[in-house]
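Undergrad: Below are the sequence and a predicted model for it; my questions follow.
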Amino acid sequence: MASESIIIYTDGAALGNPGPGGYGAVLMFGPHRKEISAGFRLTTNNRMELMAVIEALRNIKVAGFSVQIYTDSKYVCDAIEKRWIFGWKAKGWKNVKNVDLWLQFLPLLEQFKPKFHWVKGHAGIVENERCDLLATTAAQASPTDTDLEYEAIKNGGQLL
């Protein structure tokens with residue numbers, strides 16, 4: 001079973017950064033393919049890059065497969081592959097942005113143990129281009145969903 005891999009491409013976008021944003025992901029397993037996306041009325045690009053990964057992993061229905069994630073986000077890729085996330089956690093998340101999302105991501109990292117691969121954005125990689133289209137389309141669609149954590153922090157609230 002573990003010889004087959006679930007391949008995931010992800011991307012995030014924000015118009016104005018912060019501004020309306022969206023994420024997109026393409027999940028592939030053998031002959032199966034699933035595309036997901038959503039938009040938020042106010043968020044940031046990095047939040048959407050990370051949200052794309054979180055939502056893609058949440059869409060995996062069966063554990064036990066190798067998971068390969070391709071992203072054009074150095075922020076996301078380096079945080080995991082260079083193990084920054086574990087240093088952030090050990091230091092109590094001091095001065096770390098998007099803690100709410102990293103805390104959602106950690107159990108998924110433990111569950112699926114994905115391998116991250118950085119790809120150059122806008123370089124003609126078909127699935128990366130598709131994720132970019134999904135993310136930007138979601139951001140441009142006048143989204144009304146609220147990135148509650150981001151908006152609370154932006155408005156002076158403290159969630160974590």
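TA: Ah, there it is. Numbers count the residues shown, from 1 in each chain.

Undergrad: Need the nearest residue in space to residue 96, chain neighbours excluded.
TA: residue 88 (4.7 Å; Cβ to Cβ, 6 or more residues apart in numbering). For every residue, glycine as well, the C-beta is placed using N, CA and C.

Undergrad: tell me which element the one you found falls in.
TA: helix 84-90 (DSSP states H and E).

Undergrad: Who are the packing partners of that helix?
TA: Packing partners of helix 84-90 (3 or more Cβ pairs under 8 Å, 6 or more residues apart in numbering; DSSP states H and E): helix 74-81, helix 99-112.

Undergrad: Need the winner for burial among those.
TA: Burial of these is given as mean neighbour count (mean count of other Cβ atoms under 10 Å); helix 74-81 ranks first at a mean of 18.

Undergrad: Show me the one of the helices and strands packed on helix 84-90 that comes nearest residue 34.
TA: Comparison of the helices and strands packed on helix 84-90 against residue 34 by Cβ to Cβ identifies helix 99-112 as nearest, at 15.4 Å.

Undergrad: which outside residues touch whichever helix or strand comes after that closest one?
TA: Where DSSP H and E defines the elements, the next helix or strand beyond helix 99-112 is strand 115-118. Identification of contacts with strand 115-118 by Cβ atoms under 8 Å, 6 or more residues apart in numbering yields 66-74, 76-78, 80-81.
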